[in-house]
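1. Predicted model, plus sequence, below.
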Amino acid sequence: MEDQEKQDQKVSEGQKSEQEEKGSAPYKGNQRRGFYNRNRRYYSSRQYQSKRENLKFNKVSIVIPLVNEEESLNPLSHEIRKVLKPIDVGFEVIFVDDGSDDNSLKAIKEICRTDKRFKYLSFRKNYGKSAALQVGFKHATGDVIVTMDADLQDDPSEIPNLLKKLNEGFDLVSGWKKVRQDPFIKKYSSRFFNFVTRIISKIKIHDFNCGLKAYRKEVIENVYVYGELHRYIPLLAHWQGYKISEIIVKHHPRRYGRTKFGMSRFFKGFIDLITVIFTTRYIRRPMHLFGFLGALAFLAGIVVNGYLTYLWVTGGYLSNRPMLFLGILLIIVGVQFFSVGLLGEMFVHNTRSEKEYIIKEKG
């Protein structure tokens, strides 16, 4: 009887080893499950699970603004499906057609017809990327929002990397196109723009205008973008107390269509930078800005006119001294700046609201 049990045990062990050689048969041993791959490397269940990121998100919304990108839409949607398939998280894709005059809308409708996870919004005319993003944010239902461009220069395979970084506790993760595949003018004007923005804002991000970004839902609920402010979302979020980070992402040459970049957008960007700095740093304390400038101009005018007064008392002539008019002008400008600051403070005082303060936790 014992000999029979030993033979049965040898047979079962032989079958188990035969299954292991085929490369995929799981088995139990010491209450641990695992498998061998084709290269005879053993993976325990714990090792295998570590390869699938334990994301703390229930649903990801991917917002894609676009203008005249009909040729890239089908390849882009295919890549997104392929990339997100292994990730154990629900997703939706929201195309925002910013007034395209080609067949982009037709291509989007066909994609949405075949896959209900894809949705679309279409503007009657071109309102700009900021407006497209803001409307896309409003219709997103995920607890994480990822933005990317539709021209296939942004690589969808970077989405899991953005989510992984966001999962570390950050509120916003921005992509950094360290190696850009763009024309010379666009590449170096963007570098100069990012350098100036980094110096003025004191935020250590290399690429503020990268289309690939990931946000937690609460960030886009408390940030409003318009005009050309989409490139400054990291600044707006940072100055509201959110944790910002960035990762290096792949950037591909444009395969279809033509770039929408123009020099006018470059200059508008710097004007909007001044707008962002004012609306984030001084919108609730305008006297700190206008009062400082006013005091500086007023004191400079007093110094100039004091010097001229000393010359006049000691017998000098002022009839041929243009500096007198400069001193008077500085005093007038200083008073005007001060007046604007006081009016701003009065306006802020009368329009205070608790909605301006973002509460992180409540107990």
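-> Good, I have the coordinates.
2. switch to C-alpha atoms for all contacts and neighbour counts from now on
-> Will do.
3. Please report the number of neighbouring residues for C112.
-> Using other C-alpha atoms under 10 Å, C112 is surrounded by 17 other residues.
4. could you measure the nearest residue to it once chain neighbours are set aside against L163, distance?
-> Nearest residue to C112 in three dimensions, chain neighbours excluded: F118, at 4.9 Å (C-alpha to C-alpha, 6 or more residues apart in numbering). In this view, F118 and L163 are 19 Å apart by C-alpha to C-alpha, to the nearest Å.
5. the more surrounded of the two?
-> Relative neighbour count places L163 above the other of F118 and L163, with 25 against 20, counting by other C-alpha under 10 Å.
6. neighbouring contacts of stretch 84-97?
-> Stretch 84-97 is contacted by residues 52-53, 55, 57-67, 104-105, 108, 117-123, 132-133, 136, 140, 142, 160 when judged by C-alpha atoms under 8 Å, 6 or more residues apart in numbering.
7. let's go with 6 Å and repeat that
-> With contacts defined as C-alpha atoms under 6 Å, 6 or more residues apart in numbering, stretch 84-97 is touched by 58-66, 117-122, 132.
8. In it, which residues are buried?
-> 84, 91-97 (16 or more other C-alpha atoms under 10 Å).
9. what's the farthest-apart pair in those residues?
-> Checked with C-alpha to C-alpha, those reach their widest spread between L84 and D97, with 22.6 Å between them.
10. now the strands for the chain?
-> For the chain, the strands defined by DSSP state E occupy 27-29, 32-36, 42-44, 59-66, 90-97, 118-122, 144-147, 172-176, 213-216, 244-248.
11. Select, out of those, the one closest to F278.
-> Between the strands of the chain, strand 244-248 lies closest to F278; by C-alpha to C-alpha that is 20.4 Å.
12. from the chain's centre, how far out does that closest one sit?
-> Using C-alpha atoms, centre = their mean, to the nearest Å, we find the averaged C-alpha position of strand 244-248 to lie 9 Å away from the chain's own average C-alpha position.
13. Over to stretch 304-323?
-> 56 Å.
14. What of stretch 164-180?
-> Computed by C-alpha atoms, centre = their mean, the chain-centroid distance of stretch 164-180 equals 8 Å.
15. Please name the nearest non-neighbouring residue to the residue nearest the centre of the chain.
-> Here the mean C-alpha position of the chain is nearest to the C-alpha of K213 (C-alpha atoms, centre = their mean), at a distance of 4.0 Å. Take K213 and drop its neighbours on the chain: the residue closest to it by C-alpha to C-alpha, 6+ apart is S174, 4.5 Å away.
16. Pretty sure that neighbour sits against Y215.
-> No: counting by C-alpha atoms under 6 Å, no contact exists between S174 and Y215, whose distance comes to 8.7 Å.
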